[in-house]
Each structure stands twice: as structure tokens, then as C-alpha cells.
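*Asks:* Build the 3D model from these lines:
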Amino acid sequence: MQHSKRYRAAREKVDAAKLYTVDEALTVLKSFEGSKFDESVEIALRLGVDPKKPDQAIRGTISLPKGIGKTLRVIVFAEGDLAEQAKAAGADAVGGQELIDKVQGGWTDFDVAIAVPAMMRLVGRLGRVLGPKGLMPSPKSGTVTDNITSAVSEFKAGKIEYRTDSGGNIHAPVGKKSFSTEDLKANIDAFVEHIRQARPSGAKGRYILSAAVSTTMSPGIALAVS
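*Replies:* Purely as a prediction, here's the structure:
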């Protein structure tokens, strides 16, 4: 893969053999040449879990203390009064069968999908479309609920959803490059501690095997996470 000149220049600033503290990593990250847009800052964790075992597949949500600098696009599968509540709370699209048909047709121009429990017998058919994108509503992530007003408001404000992939990795946004170092550090520390607390009882040995932080367009910087 041919990387850009900017990426190669950024990679030269990273010592591949070093584990950086969060403060050190953010100093290096801030020194990277900027792009034409405000890049997201992302964290990646490799966990010592077996995601093939249901009790070790980690999934949940967190509201980071400093937000993520982005207003998420939220859709809601609901009808009647709950649909009206979703619209009032600021959902970007709300509907029943017609919205299900639209998504079934391949439309996925949104970040979060919420469903009321009564709709799940129909929304369940969207597994092939939403599942691979990590967008399928789930009680574990707080996206299957009758408390629509609260759910929409929290996700619109930057509540993020995370889940382990098939390799036991978790990726999540923790802010924007324009954030202060202090705000990015607060979000990173909060996310790592949250994942640490979510350790499944079945996980043996080291839990957080490695961690790295990067921007949308940069190489990763390995973090020293005990």
C-alpha cells in the first residue's frame, strides 16, 4: 500500500519500538501536519478475550466526558407516540415499515439506529444489512428501548457505541485533533478505564494486550497501558 507523503512524514516522528504515555503520544500526534479537515482522534485496544465466546464479546456504550466533537446521525424505528417522541428529541429519521424498507434497500447514511422493543420482530430482518456495519439495535448497547427521548438525546450529544471485532479489537473515536491535549487525555483515560471495568469474568491472563492512538490520516502511536 502506497502511503501519502504526509503519512510517511508522520510515521518518521513515531518510534515504533517505544510505548508512549498518553501525554507523550498526544504531543507527537499534535505535531503531525494537519489535513484540510479536523481529523478524528481514535483509540484502538487489543484485548485478551475470545470474542467467539458470547460471554467474552464486549459491547456497550459510553458518554465521554469531553464529547467527541461530532453530532451523530440517529434514526429510530418506532410508530405512534414513540415516533413523535423520537422526532421531538431530534432524531434524523423516524419510521416503521417504510424506514425498514429503505434500510433493506441499502440506505445506511446514519451513525446510530435505535428501535423500540415492539419493532424488533421487524427490524430483526435487517441483520444482514446492519450487522456487518455494527449498526444493529441491541439492548446491550442501549439502542433497543422504550425510553426514546433519553436514548436519542444521549446519542445525538456524542454517546458512542463500541464492540469487539472478530479479532478481539475495539476501535472508538475519542475526539477531534483540534481538542486540547487535556480534553483528549480525559476522554482516552475515561474510555480505557471503562473497558477495563468491562473485563469479562471468563477472560484469562493479560486483558489489555496493546493500545494505540491515531488520527483519521495518521499512523498509530503505541500506548503504555498496564
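
*Asks:* Packing partners of the helix or strand residue 76 falls within?
*Replies:* If you go by DSSP states H and E, residue 76 is part of strand 74-77. Secondary-structure packing of strand 74-77 (3 or more Cβ pairs under 8 Å, 6 or more residues apart in numbering; DSSP states H and E): helix 80-89, strand 93-95, helix 97-104, strand 112-115, helix 148-156. All C-beta spots, glycine's among them, are computed from the backbone N, C-alpha and C.

*Asks:* for that strand, what is the average pLDDT?
*Replies:* Average pLDDT, strand 74-77: 98.

*Asks:* So what touches that strand?
*Replies:* Strand 74-77 is contacted by residues 82-83, 86, 90-96, 99-100, 110-116, 119, 122-123, 137, 148, 152, 155-156 when judged by Cβ atoms under 8 Å, 6 or more residues apart in numbering.

*Asks:* deepest of the helices and strands packed on strand 74-77, which one?
*Replies:* The highest average neighbour count among those, using mean count of other Cβ atoms under 10 Å, belongs to strand 112-115 at a mean of 26.

*Asks:* How many residues are close by the closest residue to residue 198 other than its chain neighbours?
*Replies:* Ranked by Cβ to Cβ, 6 or more residues apart in numbering and with sequence neighbours excluded, the top spatial neighbour of residue 198 is residue 58, at 5.5 Å. Using other Cβ atoms under 10 Å, residue 58 has 20 other residues around it.

*Asks:* just residue 174 next, same as before
*Replies:* By other Cβ under 10 Å, the residues close to residue 174 number 26.

*Asks:* for it, phi and psi?
*Replies:* Dihedral pair for residue 174: phi -130, psi 20, per degrees, to the nearest 10.
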